[in-house]
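Q: pasting the structure only:
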Ligand code: GLU
């Protein structure tokens with residue numbers, strides 16, 4: 001495929017994420033003009049045969065606006081109800097503009113549990129492919145009406161990166177309320193290729209009251225898709241024709257080139273798809289063995305654990321200063337690790353009364369984070 005402006009190639013399948021602040025006005029009501037513009041631009045792409053998947057926020061935001069409520073002080077069940085009202089309304093508006101252009105939408109509401117379970121994960125892929133075959137626009141949001149902290153994806157930036165990856169998108173476009181990512185001097189970064197190591201980014205903290213993310217969650221999303229070999233652009237959602245211009249390869253927003261050496265799908269699932277349930281603290285020797293020698297984590301290198309987790313759960317591997325160096329699937333429960341930490345592998349059976357594995361985390365189930 002040939003280059004398209006600054007994109008490596010003309011994208012055939014695009015995942016687009018639109019944040020709450022793009023979709024709502026200053027009174028927290030849905031900004032119908034913006035929804036229309038987004039639906040129109042997506043329709044234009046679909047007219048050209050480009051497949052689009054839309055991740056939309058705005059369920060809670062628009063629900064709050066409709067009910068004239070503030071998020072602060074609302075109970076979980078009230079927020080879940082507000083999300084169900086807002087989501088329904090949001091879909092109505094998207095649908096009305098899509099229909100004018102001859103398109104229909106299919107709605108998927110997902111939670112973290114859909115990504116934890118391989119079968120459900122694959123089902124999402126099959127459903128998306130079928131929707132795209134019908135030339136329908138898949139519109140996805142977190143299932144805020146049922147999700148609690150435990151089962152939440154957390155934010156739609158993360159959700160969009162997981163979907164872009166599982167759907168094998170060529171490009172992820174994250175639309176927000178700023179022009180892109182700024183450096184410490186307040187200059188817009190045109191090309192964020194060095195994102196994995198870049199310390200100069202101005203990461204504005206959390207999002208607004210109604211939205212969840214902020215720039216930090218967007219950059220996490222970039223890391224995820226970058227490891228999957230997917231190009232990514234963060235740009236201002238209310239800018240006229242922004243989606244069409246981005247797809248044309250024009251210089252808009254901050255562009256992120258994907259990593260050349262991308263991680264294998266299973267490792268990406270461990271690193272980004274699953275949420276950590278706890279931590280394993282390792283000593284300097286184990287850190288070196290994991291990072292430089294591509295070794296498994298043995299009980300002898302473990303200094304401690306934090307949180308309660310089970311065997312098969314994903315945990316963060318942290319150094320003694322608390323810095324996360326890797327993620328992996330634990331072979332043992334947290335209380336078992338407490339009993340075997342610092343000890344030789346040969347002692348596992350004696351200490352636990354059984355031994356299924358020599359390693360606390362096998363290197364095949366371990367991902368070093370950049
Ligand atoms: N799922 C939330 C909503 O639709 C938004 C989450 C986010 O802003 O990342 O209201």
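A: Yep, that arrived. These numbers come from a predicted model, not from an experiment.

Q: Please make it C-alpha for all contacts and neighbour counts, starting now.
A: Will do.

Q: Which positions in the stretch 51-200 of the chain make contact with the ligand?
A: Within the stretch 51-200 of the chain, the residues that sit near the ligand (CA under 6 Å from any ligand atom) are 57-61, 141-142, 144, 155-157.

Q: Reformat the residues you listed into TSV and put neighbour count, pLDDT and secondary structure next to each item.
A: As requested, those are exported to TSV (neighbours: other CA atoms under 10 Å; pLDDT from 0 to 100; DSSP: H, G, I helix; E, B strand; the rest coil):
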residue	neighbour count	pLDDT	secondary structure
57	27	94	coil
58	26	93	coil
59	31	94	helix
60	25	92	helix
61	28	90	helix
141	22	97	strand
142	25	96	strand
144	23	92	coil
155	19	89	coil
156	26	94	helix
157	29	94	helix
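
Q: In a markdown table: those, plus distance to residue 332.
A: Output for those, formatted as a markdown table (distance: CA to CA, whole Å):
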| residue | distance to residue 332 |
| --- | --- |
| 57 | 37 |
| 58 | 40 |
| 59 | 39 |
| 60 | 39 |
| 61 | 41 |
| 141 | 34 |
| 142 | 31 |
| 144 | 32 |
| 155 | 29 |
| 156 | 31 |
| 157 | 31 |
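
Q: Among these, pick out the one closest to residue 303, please.
A: Nearest to residue 303 among these, counting by CA to CA, is residue 155 at 32.1 Å.

Q: Check whether that closest one really touches residue 217, as I assumed.
A: Yes. Using CA atoms under 8 Å, residue 155 is in contact with residue 217, at 7.5 Å.

Q: so where's the stretch 151-300 of the chain shaky on pLDDT?
A: Residues of the stretch 151-300 of the chain meeting the criterion pLDDT under 70: 193-213.

Q: which residue ranges form the helices in the chain?
A: 20-23, 32-47, 59-67, 76-100, 112-116, 118-133, 156-166, 215-227, 242-248, 265-268, 284-291, 334-340, 348-352 (DSSP state H).

Q: now for the protein, which residue lies nearest the mean position of the chain?
A: Geometric centre of the chain, nearest residue: residue 158, 1.7 Å, by CA atoms, centre = their mean.

Q: do you know how far that residue is from residue 353?
A: Computed as CA to CA, to the nearest Å, the residue 158 to residue 353 distance reads 40 Å.

Q: what does residue 165 give?
A: Residue 165 sits 41 Å away from residue 353, taking CA to CA as the criterion.

Q: Also residue 136?
A: Relative to residue 353, and taking CA to CA, residue 136 is found at 56 Å.

Q: Ok, residue 278 next?
A: Taken as CA to CA, the span from residue 278 to residue 353 is 24 Å.

Q: between the two, who's got more neighbours?
A: The neighbour count for residue 278 versus residue 353, taken as other CA atoms under 10 Å, is higher for residue 278 (18 against 8).

Q: OK, contacts around that one?
A: Counting by CA atoms under 8 Å, 6 or more residues apart in numbering, residue 278 touches 305-309, 314-316.

Q: bridging residues for it?
A: residue 315 (DSSP bridges).

Q: list the contacts for the nearest residue in space to residue 227 that is not next to it in sequence?
A: The shortest distance from residue 227 to any non-neighbouring residue, by CA to CA, 6 or more residues apart in numbering, is to residue 262 (4.6 Å). By CA under 8 Å, 6+ apart, the contact set of residue 262 is 226-229.

Q: Now with 7 Å, please.
A: 227-229 (CA atoms under 7 Å, 6 or more residues apart in numbering).

Q: got a winner among those for most neighbours?
A: residue 228 (26 neighbours).

Q: for that one, phi and psi?
A: Backbone dihedrals for residue 228, given as degrees, to the nearest 10, come out at phi -90, psi 0.

Q: so who does it touch?
A: Here residue 228 is in contact with 165, 262-263 (CA under 7 Å, 6+ apart).

Q: Just give me the closest of the residues you listed to the ligand.
A: Nearest to the ligand among the contacts of residue 228 is residue 165, at 17.4 Å by CA to the nearest ligand atom.

Q: Perfect, I'm done here.
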